[in-house]
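Visitor: 3D, please:
(2 chains, ligands or ions: 2)
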Amino acid sequence: MIAFENVAYSYGGGELLSEISLKLAPGSFHFLTGPSGAGKSTFLKLCYAELLPTAGHVTIFDREVKGLSRDEVADIRRRIGVVHQDCRFLDHLPLAANVTLPLTVSDREVSNDDLGDLLSWVGLRHLADALPPSLSGGERQRAALARAVIMDPEIILADEPTGNLDWDMSMRLLQLLAELNRMGKTIVMATHDLNLIRQSKTMVAARVLRIRNRRVQLAGADL
Amino acid sequence: MLRTALSLLGRGDRQADRVVPPSGHTAWLTSFTAGAMTFLAVFALALSLASGRLADRWSEALARTATVRISAPPDQMEMQTRVVLDILLSTPGIASARALTDDEQKKLLEPWFGPDLPLEALPMPRLIELTEAPEGYDGEGLRKRLAGEAPGAVLDDHTRWRRPLASAAARLRLLGIVSIALIGGTMAAMITLAANAALAANSQVIEVLRLVGAHDGYIARAFVRRFTLRAFTGALAGAAAGTLGVALLPSTDAAGGFLTGLGFTGWWWFLPLALPLIAAIVAFVATRHAALTKLRELM
Ligand SMILES: Nc1ncnc2c1ncn2[C@@H]1O[C@H](COP(=O)(O)OP(=O)(O)OP(=O)(O)O)[C@@H](O)[C@H]1O
Ligand SMILES: [Mg+2]
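Guide: Ligands and ions are numbered 1, 2, ... in the order given. Got it, this is the predicted structure:
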């Protein structure tokens, strides 16, 4: 689905990430962990072409990212659901319109039943008409997850989706992601919450990617 | 491009319009600019049409007649007039020639000297009016013959003073057209600036739209629809006001002359209606170009 080949990235100073080579197989579930500032968000941005690698090659759906036109990048993003760390909503549109935004911009019809089901699934049905600035951090993150899955994407990238959630809510969200994974979606979830990772073992067969010394490595059993 | 333009009012684009927040109190500035520019364009249009008509009339009608002026002592006047008439009527290219009567000459002078002019008391030259045949006559040759046979006769073929007038009118028409082009260019520039400001103010929104998979064309459409509609409504109001202004000018027969000829005539009254359409097209092209350029710049 997504392949990195000798990838490096730098924001202009020294290299933040180097020599990354890995493949995310279809249907896999990966946690991405590492200290704050290690480059978790940066890694995910490379996965949906918000950033282009400063060296090496990133391939998404068998297409080399560097050669893509702007519209081709947009088309790829329609097949990848992203929960951004800062959620990224349009503050002048109600929550429901924000959740259906990916459908709107690709000129696709919105079914009210499906939207209702989706909002119930993340427990936000009663807030459909609320504006994003009036939502709590956890509500925003659940809305972001709803927006990420509404296009029925093949890949879901979640950047600290539990950052603002209490333990019960985090477990529910993890369960939602595990459910999506069972439906065949490829999932990468960035988190620094090791407890959450340990707890997940009962729900999903996940592997853990760890960022350390600018490298992304598969972590062993030493978590 | 035409299809995009026609689909501007479609349902999908109203949605595209909604994803960009309303732009608040600066929105009317675009309409106002378009309105003011179109108002000016109506006058430039009227000016250029009127001076065009004038240029045509002057060079057409006036160039076909000429005058021979005979100044001679009273006792020779009769004879010279007859000689000149003979010459004129035997010159190829002259359709007709006739001496003006005293009454006609008096009428010509009235505007300058008043109705009570004692024509008899003054040494008045005799005027002979000639009409040119379509093939034209040889002005130089005629002048030489007149000088030889009727020394008091001078051919005044008007071209000396009419030609600059006619070309001034033609120049005025050109200036009117240039003004319309400049007004169109100014409108395009202003709308480009406004669209750029709107795009910059909404860079966050654009970023979110890009992240959820919007194509550049979709994002551009949201802005294009907005600015095209604003320019169109503004221009419609400006064209209406300008046309009304032209319509309210005093009518042509009242005084006669250039200024009062400024109105539109006949079907030309519908021409100002084209201006809002042109304004909409200008806005469409300018905004689309600005949006697609700016989008490539933003990310
Ligand atoms: N646009 C940017 N320009 C310059 N530096 C940046 C930019 N974005 C991030 N960085 C820097 O890159 C480093 C990694 O940032 P990143 O957001 O990837 O970390 P992270 O692992 O997601 O951290 P956190 O757990 O706090 O979210 C940080 O030191 C950050 O300051
Ligand atoms: Mg981060």
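Visitor: Let's test this: mean pLDDT of the longest helix anywhere in chain B, rounded?
Guide: For chain B, the longest helix by residue count, based on DSSP state H, is helix B:159-201. On average, the pLDDT along helix B:159-201 is 85.
Visitor: again, but for stretch A:24-39
Guide: On average, stretch A:24-39 scores 93.
Visitor: and it with ligand 2, contact?
Guide: No - on the criterion C-beta under 5 Å from the ion, stretch A:24-39 is out of touch with ligand 2, staying 7.4 Å away. Placement of C-beta: from N, CA and C, glycine included.
Visitor: Now do the buried residues in that stretch.
Guide: Within stretch A:24-39, the residues that count as buried by 16 or more other C-beta atoms under 10 Å in any protein chain shown are A:24, A:28-34, A:38-39.
Visitor: helices or strands up against the one helix or strand B:Thr81 maps to?
Guide: Using DSSP states H and E, the element containing B:Thr81 is helix B:74-89. For helix B:74-89, the packing partners by 3 or more C-beta pairs under 8 Å, 6 or more residues apart in numbering or on different chains; DSSP states H and E come out as strand B:65-70, strand B:94-99, strand B:126-132, helix B:139-149.
Visitor: CSV for these, including mean pLDDT?
Guide: CSV is the format used below for the helices and strands packed on helix B:74-89 (pLDDT from 0 to 100):
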stretch, mean pLDDT
strand B:65-70, 83
strand B:94-99, 85
strand B:126-132, 84
helix B:139-149, 85
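Visitor: a markdown table for those, including distance to A:Leu145 and mean neighbour count?
Guide: Below are the helices and strands packed on helix B:74-89 laid out as a markdown table (distance: least, C-beta to C-beta, whole Å; neighbours: other C-beta atoms under 10 Å in any protein chain shown):
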| stretch | distance to A:Leu145 | mean neighbour count |
| --- | --- | --- |
| strand B:65-70 | 90 | 19 |
| strand B:94-99 | 94 | 15 |
| strand B:126-132 | 90 | 18 |
| helix B:139-149 | 93 | 14 |
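Visitor: Tell me which of these lies nearest to B:Ala240.
Guide: Smallest distance to B:Ala240 across these (C-beta to C-beta): 42.2 Å, for strand B:65-70.
Visitor: Spell out which residues of chain A are next to chain B.
Guide: A:48, A:50, A:70-71, A:74-75, A:77-78, A:82, A:84, A:88-93, A:97, A:101-102, A:104-107, A:147, A:151 (C-beta under 8 Å from any C-beta of the partner chain).
Visitor: Okay, and which of these map to helices?
Guide: Per DSSP H, those map to helices at A:70-71, A:74-75, A:77, A:97, A:101-102, A:104-105, A:147.
Visitor: Most widely separated two among those residues?
Guide: The distance between the two most remote of those (C-beta to C-beta) is 24.2 Å, for A:Arg70 and A:Ala97.
Visitor: Contact partners for residue 129?
Guide: You didn't pick a chain, so chain A it is. A:94-96 (C-beta atoms under 8 Å, 6 or more residues apart in numbering or on different chains).
Visitor: that answer is for a different chain, and I need it for chain B
Guide: B:Glu129 makes contacts with B:65-67, B:97-100, as judged by C-beta under 8 Å, 6+ apart.
Visitor: again, 6 Å this time
Guide: Listed by C-beta atoms under 6 Å, 6 or more residues apart in numbering or on different chains, the contact set of B:Glu129 reads B:Thr67.
Visitor: Who does it form a beta bridge with?
Guide: Applying DSSP bridges to B:Glu129 gives these bridge partners: B:Thr67, B:Arg98.
Visitor: Backbone torsions only: list them for whatever residue of the stretch 101-250 of chain B ends up closest to ligand 1.
Guide: At 12.3 Å from ligand 1, B:Glu207 is the closest residue in the stretch 101-250 of chain B, using C-beta to the nearest ligand atom. When read as degrees, to the nearest 10, the backbone of B:Glu207 gives phi -60, psi -50.
Visitor: neighbours around B:Ala279, how many?
Guide: Using other C-beta atoms under 10 Å in any protein chain shown, B:Ala279 has 31 neighbouring residues.
Visitor: Kindly apply the preceding question to A:Ala49 instead.
Guide: Neighbours of A:Ala49 (other C-beta under 10 Å): 20.
Visitor: who touches it in this structure?
Guide: Contacts of A:Ala49 (C-beta under 6 Å, 6+ apart): A:65, A:73.
Visitor: re the thing from before, considering the ones in helices among the residues of chain A next to chain B, which possesses the most neighbours?
Guide: Greatest neighbour count in these, by other C-beta under 10 Å, goes to A:Arg147: 26 neighbours.
Visitor: Next one: the nearest residue to that residue once chain neighbours are set aside relative to A:Arg108, how far apart?
Guide: If the residues on either side of it in the chain are set aside, A:Arg147 comes closest to A:Val99, at 4.8 Å by C-beta to C-beta, 6 or more residues apart in numbering or on different chains. Using C-beta to C-beta, to the nearest Å, A:Val99 is found at 13 Å from A:Arg108.
Visitor: A:Ala25 too?
Guide: Distance of A:Ala25 to A:Arg108, computed by C-beta to C-beta: 28 Å.
Visitor: go on, A:Arg147?
Guide: 14 Å.
Visitor: Kindly state the pLDDT recorded for the closest residue to ligand 2 within the stretch 1-150 of chain B?
Guide: Evaluated by C-beta to the ion, the stretch 1-150 of chain B has B:Val19 as its residue closest to ligand 2, separated by 26.2 Å. Per-residue pLDDT puts B:Val19 at 83.
Visitor: Show me the domain layout of the chain.
Guide: Using chain A. A:1-79+A:153-223, A:90-152 (automatic domain parsing).
Visitor: look at chain B instead
Guide: B:2-59+B:163-297, B:72-151.
Visitor: Could you list the contact residues of chain A toward ligand 2?
Guide: When proximity is defined by C-beta under 5 Å from the ion, chain A lies next to ligand 2 at A:40-41, A:85.
Visitor: hmm, try it at 8 Å
Guide: Residues of chain A found near ligand 2 (C-beta under 8 Å from the ion) are A:36, A:40-42, A:44, A:85, A:159-160, A:190.
Visitor: Those residues in strands, which ones?
Guide: Mapping those onto strands (DSSP state E) picks out A:159, A:190.
Visitor: with the residues of chain A next to ligand 2 in mind, which one is nearest to ligand 2?
Guide: Nearest to ligand 2 among those, with distances taken as C-beta to the ion, is A:Ser41, at 3.1 Å.
Visitor: my read: the closest one touches A:Asp159, true?
Guide: Yes - assessed by C-beta atoms under 6 Å, A:Ser41 is found in contact with A:Asp159 at 5.5 Å.
Visitor: and the two? which has more neighbours close in?
Guide: Using other C-beta under 10 Å, the more surrounded residue of A:Ser41 and A:Asp159 is A:Asp159, with 23 against 18.
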